[in-house]
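In: what follows is a protein structure lacking sequence information:
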């Protein structure tokens, strides 16, 4: 795929999520559902608790995920957390409570409208340990070896250059730092009709990588202890993203974990 093709995909994704950022807490067609749905309902389906949903500023949860990276991140007080594709700030705000005032959370998103929304939410919630930076996850505006944990929720599948995403993730993590990601993955090869569909790309489907390819990319980036675990139950909500397409036979939500270095010295 050429750089021109990469840019075309990024532009389409950016435009789609700019539209969502302007919505009123609903997720429209081809982002995570075939019809408008309440964000809170969608987040409850993918593993967030009622307490989680009530703990964040109104408007920060946009119902865009496919799992709950907080459940596997095992965040500790004082850690520095980076959220790839932070959207309205939902996961950043949940992480902020876990790392406390001695910790810090950085959200990166390439959509200016999402960035504005997240920053407004941070002000509303009076978060002092959260900041949001505009940028692409393939070129992170984050210093080398400065992060303990990287989280992400249904975003890396949207990147047309996942190898570069993982190289960047490795660069910014400290030795012993870890990935704790929820994402959509391909369990078998996607048909060309799906891979070439821009709506399906922005809808978290067409860009899904095969599990074997993901493991290979992570290993080549330098990560160890790579683990990809499929959530078979996710097919129940994925089938609603593009009804009648049968896409749930090709993709599923998964948790992706990995560590920078052979041993984990996470602090």
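Out: Looks like it arrived, so ask away. Just so it is clear, the model here is predicted, and its values are computed rather than measured.
In: low-confidence bits of the chain, can you list those?
Out: The chain contains residues with pLDDT under 70 at 1, 24-37, 262-267.
In: what about the strands in it?
Out: 26-27, 37-38, 80-84, 104-109, 130-134, 147-153, 173-186, 223-231, 251-260 (DSSP state E).
In: of those, which approaches residue 140 most closely?
Out: strand 104-109 (6.1 Å; Cβ to Cβ). (Each C-beta comes from the backbone N, C-alpha and C, glycine too.)
In: quick one, that closest one and strand 147-153 angle?
Out: For strand 104-109 against strand 147-153, the angle by axes from the mean of the first three to the mean of the last three Cα atoms, to 10 degrees is 40 degrees.
In: residues in contact with strand 104-109?
Out: Under the contact criterion Cβ atoms under 8 Å, 6 or more residues apart in numbering, strand 104-109 has outside partners 80-87, 89, 92, 95-96, 99, 115, 118, 129-135, 137, 140-142, 147.
In: again, only using 7 Å
Out: Here strand 104-109 makes contact (Cβ atoms under 7 Å, 6 or more residues apart in numbering) with 80-87, 89, 92, 95-96, 99, 115, 118, 129-135, 137, 140-142.
In: just the buried ones from those?
Out: The neighbour-count criterion (16 or more other Cβ atoms under 10 Å) marks 80-87, 89, 92, 95-96, 99, 115, 118, 129-130, 132, 137, 140, 142 among those as buried.
In: contacting residues around residue 138?
Out: Applying Cβ under 7 Å, 6+ apart, the residues near residue 138 are 159, 161, 164, 165, 168.
In: in JSON lines, list the residues you listed along with distance to residue 123 and neighbour count.
Out: JSON lines is the format used below for the contacts of residue 138 (distance: Cβ to Cβ, whole Å; neighbours: other Cβ atoms under 10 Å):
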{"residue": "159", "distance to residue 123": "29", "neighbour count": "23"}
{"residue": "161", "distance to residue 123": "33", "neighbour count": "18"}
{"residue": "164", "distance to residue 123": "32", "neighbour count": "18"}
{"residue": "165", "distance to residue 123": "29", "neighbour count": "24"}
{"residue": "168", "distance to residue 123": "28", "neighbour count": "21"}
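In: can you give me the helices for the stretch 51-200 of the chain?
Out: 70-73, 90-99, 112-125, 162-172, 192-195, 198-202 (DSSP state H, counting those that start in this stretch).
In: quick check: buried residues in the third one?
Out: Applying a neighbour-count criterion of 16+ other Cβ under 10 Å, one finds 113, 114, 115, 117, 118, 119, 121, 122, 125 buried in helix 112-125.
In: ok, so of those residues, who is nearest residue 245?
Out: Set against residue 245, the nearest of the buried residues of helix 112-125 by Cβ to Cβ is residue 114 (26.8 Å).
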